[in-house]
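Asks: predicted model follows, preceded by the sequence.
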Amino acid sequence: MSSSHFTIRNISVAGNFKTQDRIVLIASNLSIGERILKSEMQARIISAQNNIQNTDLFNSVTVSNIPLNDSITELIITVTERWFIWPLPIFENADPNFNTWWERKDFTRLNYGMVVMHQNFRGRGEELGVLLQLGYSKRFGLLYNAPYASPKGKSGVSIYAGYDQQHEVTVGTLNNKRVFFTGNDGRTKEQLQLQLSFLQRHNFVTTQKFTTTYNLLKIRPEVAEMNPNFIGDSATHTSFLTFTYQFKKDKRDYKHYPLTGHYLDLLLSQNGIGINKSIFLTTIESAARKFMRIHKRFYGAIGIAGKTTVQANIPYFLQRGLGYEHQIRGYEYYVLDGNHYGIGKSNIKAELIPKKTHVMSKIKNQRFNKLYFALYANLFADVGYVINNFSGSVNSYCNQWLYSCGAGLDFLTYYDTVIRLEFSFNKQKESGFFLHFTQPI
């Protein structure tokens with residue numbers, strides 16, 4: 001009688017010159033001795049490939065199923081490792097996105113420097129990084145991240161220390177655009193952060209993260225004069241602790257540009273614990289996204305996100321509405337601060353050029369000789385709403401529904417690079433071309 005299951009007798013890993021087998025096996029979410037329905041084996045293999053790819057340790061991943069008989073099988077995981085030591089130059093604008101900088105084309109508002117990142121330090125998926133940023137805003141940082149610190153990879157730890165020094169500070173918004181103050185000594189705003197995080201992994205796609213951050217903030221007196229609520233009570237300095245809890249479930253096929261799968265997160269933040277009366281703020285944020293194949297080369301995606309602040313009085317430096325991490329396409333030139341917000345985004349895309357891999361034979365190092373690319377055309381529509389109880393009278397885009405639609409081209413290539421060119425049309429009948437370097441949803 002034919003068996004309906006395969007039992008995995010062995011899992012071997014090939015191509016990992018530095019990465020420990022343990023890290024690959026943790027990411028695969030497969031284990032020796034596991035019994036899997038034959039009807040589910042292909043889905044589990046695809047899931048394993050996606051999980052391993054999403055560690056950002058490999059350029060390519062293949063999981064092969066080698067049945068030994070009707071009920072016993074072996075798996076071979078073949079990987080091509082990435083290059084792990086990167087001296088990355090910093091050359092970026094000091095605005096929320098490229099389009100707001102391009103509107104002014106002010107080349108003095110550029111940051112430059114270097115990030116030296118050693119990924120996969122010791123072959124355990126660890127990261128060791130040093131940041132030195134000069135230019136318009138200065139930033140110095142040290143990072144150590146060990147996402148698979150425990151023997152079975154169920155726990156991780158991360159440590160960060162950073163110092164920021166800003167020449168220019170946003171002190172408010174007027175007509176839905178930022179109002180700036182620029183000091184004359186480069187120290188308009190200074191901030192020190194010391195952060196410790198613990199990660200708990202229930203399986204490879206479901207994690208919980210607990211973070212404690214010590215914040216020390218100092219601003220010039222002129223900033224407090226322009227906006228007494230920047231910190232609160234016209235204060236020019238403060239220190240406080242931030243505690244955050246994040247739940248995340250990530251089952252996207254490729255996290256940098258997903259086509260199928262889903263994503264869910266929940267973030268609870270408590271700024272201040274009552275010792276410093278000027279800072280006591282509780283926020284709740286959440287996001288959910290669904291990605292699906294509609295038909296052959298056609299894909300769809302929908303995402304929603306929202307944030308609510310429990311307290312009514314929000315220090316300005318902690319106000320983060322739409323226009324930063326979350327953005328309604330077509331409103332790239334604006335920021336919408338507020339007490340609460342919600343946003344919905346949708347896409348339909350056609351695969352013009354499927355993902356293709358080209359081997360550059362003249363480059364012998366396998367970490368660099370495989371160049372892949374893909375091209376997608378898409379149609380999109382976004383909608384959002386920001387509740388602003390403190391400056392809505394001078395920011396007309398708040399406290400009303402906003403929406404936009406448009407079309408674009410998305411190009412994917414080497415080492416998770418995404419380039420998006422979009423034309424959008426918004427509720428106010430404004431239109432234009434915009435350039436982005438992250439996934440759309």
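Replies: Okay, I see it.

Asks: tell me the first helix or strand C-terminal of the lowest-mean-pLDDT helix or strand in the chain.
Replies: Least confident helix or strand of the chain, by mean pLDDT, DSSP states H and E, is helix 98-104 with a mean of 59. Scanning forward in sequence from helix 98-104 by DSSP states H and E, the next helix or strand is strand 110-121.

Asks: for that next one, which positions count as buried?
Replies: Neighbour counts over strand 110-121 (16 or more other CB atoms under 10 Å) mark N111, G113, V115, M117, Q119, N120, F121 as buried. Quick note: C-beta positions are derived from backbone N, CA and C, even for glycine.

Asks: what do you get for stretch 46-62?
Replies: Quick answer for stretch 46-62 (16+ other CB under 10 Å): 47-55, 57-61.

Asks: neighbours around Y414, how many?
Replies: Counted with other CB atoms under 10 Å, residues neighbouring Y414 total 11.

Asks: likewise the one 5 residues further on?
Replies: I419 is flanked by 13 other residues according to other CB under 10 Å.

Asks: need the per-residue pLDDT for it.
Replies: Looking at I419, its pLDDT is 94.

Asks: and if you look at the one 10 residues further on?
Replies: Note for K429: predicted pLDDT of 94.

Asks: from K345, how far off is it?
Replies: 20 Å (CB to CB, to the nearest Å).

Asks: need the three-state assignment for I159.
Replies: The three-state label given to I159 by DSSP: H, G, I helix; E, B strand; the rest coil is strand.

Asks: what do you get for the one 5 residues further on?
Replies: When the structure is reduced to helix, strand and coil (three-state DSSP), D164 reads as strand.

Asks: please name the nearest non-neighbouring residue to it.
Replies: Nearest-residue entry for D164: Q191, 4.6 Å, with adjacent residues in sequence omitted and distances by CB to CB, 6 or more residues apart in numbering.

Asks: and the one you found, how many residues sit next to it?
Replies: Under the neighbour criterion other CB under 10 Å, Q191 is assigned a count of 16.

Asks: got the contact list for it?
Replies: Applying CB atoms under 8 Å, 6 or more residues apart in numbering, we find Q191 in contact with Y163, D164, N215, L216, L217, K218.

Asks: how about low-confidence regions in the stretch 201-350 of the chain?
Replies: Across the stretch 201-350 of the chain, the ranges flagged by pLDDT under 70 are 274-277.

Asks: run through who's touching the strand or helix carrying Q49.
Replies: Element membership of Q49 [criterion: DSSP H and E] is helix 38-53. Helix 38-53 has contacts (CB under 8 Å, 6+ apart) with 3-6, 24, 27-30, 36, 58, 60-63, 65, 73, 75, 77, 79, 204-205, 251-254, 261.

Asks: can you list the domains in this structure?
Replies: 5-81, 85-436 (automatic domain parsing).

Asks: check which helix or strand the residue nearest to R178 when sequence neighbours are not counted maps to.
Replies: Spatial nearest neighbour of R178, chain neighbours left out: T170 (4.5 Å); criterion: CB to CB, 6+ apart. Using DSSP H and E, T170 maps to strand 168-174.

Asks: show me the beta-bridge partners of L267.
Replies: On the basis of DSSP bridges, L267 is bridged to Q246, E285.

Asks: test my guess that it contacts G306.
Replies: No. The pair L267 and G306 fails to qualify as a contact (CB atoms under 8 Å) at a distance of 11.0 Å.

Asks: what residues are shared contacts of these two?
Replies: Common neighbours of L267 and G306 (criterion: CB under 8 Å, 6+ apart): E285, S286.

Asks: quick one: residues contacting the residue nearest to R178.
Replies: R178, V179, F180.

Asks: pretty sure the second one belongs to a strand, no?
Replies: Yes. Membership of V179 in a strand is supported by three-state DSSP.

Asks: next, find the distance separating it from N395.
Replies: Noted for V179: a distance of 11 Å to N395, by CB to CB.

Asks: compare those two and say which is more crowded by neighbours.
Replies: N395 (23 against 14).

Asks: the more buried one and Y299, how far apart?
Replies: 36 Å.

Asks: again with N29
Replies: For N29 relative to Y299 (CB to CB), the value is 24 Å.

Asks: returning to what we had before: just the pLDDT at the residue nearest to R178, thanks.
Replies: For T170, the model assigns a pLDDT of 89.

Asks: partner residues bridging it?
Replies: Assessed by DSSP bridges, T170 has beta-bridge partners F180.

Asks: same thing with Y144?
Replies: Beta bridges link Y144 to L128, I159, judged by DSSP bridges.

Asks: isn't it right up against I159?
Replies: Yes. Using CB under 8 Å, Y144 is in contact with I159, at 4.8 Å.

Asks: please indicate which of the contacts of Q191 are buried?
Replies: Buried by 16+ other CB under 10 Å: Y163, D164, N215, L217, K218, out of these.

Asks: tell me the contacts of the fourth one?
Replies: If a contact means CB under 8 Å, 6+ apart, then L217 has K189, E190, Q191, I231, H237, T238, S239, F317 as its contacts.

Asks: what do you get if the cut-off is 6 Å, keeping everything else the same?
Replies: Contact partners of L217, counting by CB atoms under 6 Å, 6 or more residues apart in numbering, are Q191, T238.
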